[in-house]
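**Student:** Provided below for reference: sequence and predicted model.
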Amino acid sequence: MTNADQLQVTIEDMVQPGKGILAADESLPTIAKRFAAINLKSTEDHRRAYRQLLFSAPDLEKYISGVIEFDETLSQIDTNGRPLHELLARRGIVPGVKVDKGKSPLALSNNDFMTFGLDGLAERLQRYKSLGMRFAKWRAVYKIGGTFPSAMGIAVNAEMLAIYAAICQEQGIVPIVEPEVLNDGTHDLDQCARVTEAVQAEVFNALHRHHVVFEHLVLKPNMVTHGSMCSKQASPDEIAEATLRVLCRTVPAAVPGINFLSGGMSPETATANLNAMNANSPDAPWLLSFSFGRALQQPVLQRWLGKPENIEPAQEALLKRARLNSLAQKGQYVASMELEN
Ligand code: 13P
């Protein structure tokens with residue numbers, strides 16, 4: 001198979017109606033924060049047990065087409081002595097991996113960030129590919145404030161995302177391109193729309209400049225929302241309308257799938273917003289779906305609490321969120337479904 005054939009097959013497996021992606025790629029500091037919320041220490045064994053719980057949840061493949069993993073998980077084994085990451089491929093879920101090495105403040109700039117990890121990326125991708133990984137993820141982060149993100153911050157991160165995506169495609173790995181405009185702050189919906197539009201326009205300009213094939217990538221953006229401390233809360237219909245407007249202005253129709261991050265929204269809000277997008281725009285040129293981390297996992301952690309006897313109810317909680325988001329992908333979710341089992 002040529003690289004292009006491999007990329008095409010992977011895209012078809014990842015971008016499927018009624019399915020989305022589970023982000024289970026929390027770095028060590030992030031998973032420690034998530035575990036701290038349930039009073040659990042982030043030991044290697046707890047992380048292993050938790051990822052096994054997620055990957056082995058019955059029927060997950062009905063609603064989840066891909067899982068983003070963290071490097072550490074790839075060297076862990078399940079309780080039957082088999083590599084943990086092989087659980088996914090065996091059930092028809094595409095395994096992928098986060099390949100960026102996190103963010104740092106951008107030097108000589110005010111409140112811009114830059115994501116690291118390009119050094120040696122091609123070699124790391126070859127190793128990941130030999131372990132069965134078929135897609136990768138790189139996250140760039142933008143903070144909204146008085147004068148930021150700056151034009152420099154937007155340009156630098158677009159360039160990094162494009163170089164990353166080009167290296168991935170050259171290795172036959174589908175890149176998930178994740179420019180995340182954070183929702184922390186007091187900004188309103190319009191300000192988030194302006195910044196998201198500027199960010200995405202620059203990202204696609206850079207992807208084009210670097211010869212990245214749009215048909216062979218997945219975009220993972222933020223939804224356009226009010227800031228978490230904004231006094232004026234936008235409704236799911238307003239969020240859907242603003243998000244779609246920005247996407248139409250910036251994302252080529254050649255891109256097959258847009259899988260949103262949840263960015264700290266509650267699970268119910270993230271699902272309602274995704275549903276509004278699909279219900280209001282059934283003819284969008286891209287499949288609009290989810291690649292949630294917290295909005296899929298929060299209820300799971302709250303049920304699990306690190307206790308082996310809670311694995312089953314925790315997996316049921318995962319299945320419920322995955323199923324409701326699958327319905328939202330088709331515009332068929334209604335809030336009253338939250339009350340059902
Ligand atoms: P959230 O859905 O919790 O924002 O996480 C998605 C993700 O992968 C962030 O990089």
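**Tutor:** Great, that's in hand. Numbering: from 1, shown residues only.

**Student:** now Val9, what's its secondary structure?
**Tutor:** Counting by DSSP: H, G, I helix; E, B strand; the rest coil, the backbone at Val9 sits in helix.

**Student:** number of nearby residues for the residue nearest to it when sequence neighbours are not counted?
**Tutor:** For Val9, ignoring the flanking residues on the chain, the nearest one in space by CB to CB, 6 or more residues apart in numbering is Met1 at 7.5 Å. No exception for glycine: its C-beta is placed from N, CA and C like everyone else's. Applying other CB atoms under 10 Å, we find 9 residues neighbouring Met1.

**Student:** so how far is Tyr128 from Met1?
**Tutor:** From Met1 over to Tyr128 the distance is 18 Å, taken as CB to CB, to the nearest Å.

**Student:** in the stretch 151-300 of the chain, which residue sits closest to the ligand?
**Tutor:** Here the stretch 151-300 of the chain gets closest to the ligand at one residue, Gly293, 2.7 Å apart by CB to the nearest ligand atom.

**Student:** over to the spatially closest residue to that residue that is not a sequence neighbour: give its phi and psi.
**Tutor:** Nearest residue to Gly293 in three dimensions, chain neighbours excluded: Ala23, at 3.8 Å (CB to CB, 6+ apart). Backbone torsions of Ala23, given as degrees, to the nearest 10, read phi -90, psi 110.

**Student:** which residues touch Ala23?
**Tutor:** 68, 137, 261, 291-293, 296 (CB atoms under 8 Å, 6 or more residues apart in numbering).

**Student:** which parts of this structure sit against the ligand?
**Tutor:** 23, 139, 178, 261-263, 292-295 (CB under 6 Å from any ligand atom).

**Student:** ok, now with 5 Å
**Tutor:** 23, 139, 261-263, 292-294 (CB under 5 Å from any ligand atom).

**Student:** quick check, Gln169 in contact with Asn3.
**Tutor:** Yes - counting by CB atoms under 8 Å, Asn3 is a contact partner of Gln169 at 7.2 Å.

**Student:** re earlier: gap between the residue nearest to Val9 and the ligand?
**Tutor:** According to CB to the nearest ligand atom, to the nearest Å, Met1 stands 28 Å off from the ligand.

**Student:** what confidence value was assigned to the residue nearest in space to the middle of the chain?
**Tutor:** Compute the mean C-alpha point of the chain, and by CA atoms, centre = their mean the closest residue is Ser291, 3.8 Å away. Predicted confidence (pLDDT) for Ser291: 98.

**Student:** before we move on, back to that, of the residues of the chain next to the ligand, which belong to strands?
**Tutor:** Judged by DSSP state E, the residues of the chain next to the ligand include 23, 139 as members of strands.

**Student:** now for the residue of the stretch 151-300 of the chain closest to the ligand, how many residues are close by?
**Tutor:** 20.

**Student:** okay, and the beta partners of whichever residue of the stretch 1-150 of the chain sits closest to the ligand?
**Tutor:** The stretch 1-150 of the chain approaches the ligand most closely through Ala23 (3.4 Å), counting by CB to the nearest ligand atom. Beta bridges link Ala23 to Ile68, judged by DSSP bridges.

**Student:** what residues sit buried inside stretch 203-215?
**Tutor:** 203-204, 206-207, 210, 212-214 (16 or more other CB atoms under 10 Å).

**Student:** send the alpha carbons of it over as CSV?
**Tutor:** The C-alpha trace of stretch 203-215 is given here as CSV (Å, rounded to 0.1, in the frame of the first residue of the first chain):
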residue,chain,number,x,y,z
VAL,A,203,-3.6,27.1,10.3
PHE,A,204,-5.1,26.2,6.9
ASN,A,205,-2.9,28.7,5.1
ALA,A,206,0.2,27.1,6.7
LEU,A,207,-1.1,23.5,6.0
HIS,A,208,-1.5,24.5,2.4
ARG,A,209,2.0,26.1,2.2
HIS,A,210,3.5,22.8,3.6
HIS,A,211,1.7,20.6,1.0
VAL,A,212,-0.4,18.9,3.6
VAL,A,213,-3.3,16.9,1.9
PHE,A,214,-6.5,18.2,3.4
GLU,A,215,-8.4,15.0,2.6
